[in-house]
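Q: Only the shape, not the letters, is given here:
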């Protein structure tokens, strides 16, 4: 395999690994947060406004780790700097 | 590697050193829509019992933003309303207009979201110094102990980065996933994803504004109102 094929294989595999491993943690965390918020809502329905707002903000914070993984895997697939570098090298030859 | 682009910042035409790209165009479209709409509605306001529908809409928006700011910051919303409200309205409007085919929302470009996050990064010390004075504001960085100074500074920078990448990632993922799905289920699934994108867009706009308000509120909170956590 030449360098370009190696880069393609490595970036596709690592993009898949990035998004799959990176979404496990946030998914577990969001599930826990949602379960806690639901039980809090059931116990104190009067505090629904505060609980919902805090839940949304918290979910966004938790979710951002998954979003980082998504951005990294998108960069690996669609805007890979090493791939472009080797493409330019190959075009120069 | 064509068809799907995760960066709308490629210049589409240029005169000399001025490059025009999609982000620039659609940012101006969003601003024009917001400004024109606000100007048309506020041109003739009425104070009586009978108010027009559009005036009612704007009043609901402004009252809603004010009450949210008051709840989050426990302070009077007056001085925060222009900044936080503008952030919310701009992001919400550009995410809403993303439903229009051909409209590429400016928030799905990392440069727009980085600029918005930088605005928050600058506004936090401005509000903090304006409220508490520069001594009190700088003292916050030494808050639990002097050793926390580097961590406080890193936290300040990393939350700005997080603010930018969160909004960018959410908006970019909507359009990219739509484009990928269009490849193999072209008929109905992208429509559902668009609907989902509408929901995420609104939530992200809300979260961006609320987080900006939380950061500003944590900088402006005076020490006298903080609960004393140390033992006697």
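A: Perfect, thanks for sending it. All of these numbers come straight from a predicted model, not from anything done at the bench. Residues are numbered from 1 along each chain as shown, chains lettered A, B, ... in the order given.

Q: Helix or strand, whichever it is, which one in chain B has the lowest mean pLDDT?
A: Ranked by mean pLDDT, DSSP states H and E, the weakest helix or strand in chain B is strand B:11-15, scoring a mean of 74.

Q: got the buried residues for the very next helix or strand once past that one?
A: Next along the chain after strand B:11-15, taking DSSP states H and E as the criterion, comes strand B:18-21. For strand B:18-21, a neighbour-count test (16 or more other CB atoms under 10 Å in any protein chain shown) marks residue B:21 as buried. No exception for glycine: its C-beta is placed from N, CA and C like everyone else's.

Q: Near chain B, which residues of chain A are found?
A: Contact residues, chain A versus chain B (CB under 8 Å from any CB of the partner chain): A:49-50, A:53, A:56-57, A:60, A:63-64, A:67-68, A:70-71, A:74-75, A:78-79.

Q: low pLDDT regions in the chain?
A: Let's take chain A. Residues of chain A that meet the criterion pLDDT under 70 lie in A:1.

Q: wrong chain, I was asking about chain B
A: Judged by pLDDT under 70, the stretches of chain B that qualify are B:1-6, B:222-232.

Q: Pretty sure residue B:94 sits against residue B:26.
A: Yes: the pair residue B:94 / residue B:26 is scored as a contact, 7.2 Å apart, by CB atoms under 8 Å.

Q: Need the residues touching each of the two.
A: Contact criterion CB atoms under 8 Å, 6 or more residues apart in numbering or on different chains; residues shared by residue B:94 and residue B:26: B:105-106.

Q: neighbour-wise, which of the two wins?
A: residue B:94 (26 against 23; other CB atoms under 10 Å in any protein chain shown).

Q: Can you tell me the element the more buried one falls in?
A: Counting by DSSP H and E, residue B:94 is found in helix B:81-97.

Q: buried residues in that helix?
A: Result for helix B:81-97 [16+ other CB under 10 Å]: buried residues B:83-85, B:87-97.

Q: so the residue of chain B found nearest chain A, which of the three states?
A: Of all residues in chain B, residue B:169 sits closest to chain A, at 3.6 Å by CB to the nearest CB. Taken by DSSP: H, G, I helix; E, B strand; the rest coil, the conformation at residue B:169 corresponds to helix.

Q: Output the buried residues of helix B:81-97 as CSV; include the columns distance to chain A.
A: Listed next are the buried residues of helix B:81-97 as CSV, based on distance: CB to the nearest CB, whole Å:
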residue, distance to chain A
B:83, 18
B:84, 14
B:85, 17
B:87, 15
B:88, 14
B:89, 18
B:90, 18
B:91, 13
B:92, 14
B:93, 19
B:94, 18
B:95, 14
B:96, 18
B:97, 22
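
Q: Rebuild the residues you listed as TSV, extending it with distance to residue B:115.
A: Output for the buried residues of helix B:81-97, formatted as TSV (distance: CB to CB, whole Å):
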residue	distance to residue B:115
B:83	14
B:84	16
B:85	18
B:87	11
B:88	16
B:89	16
B:90	11
B:91	12
B:92	17
B:93	16
B:94	13
B:95	16
B:96	20
B:97	18
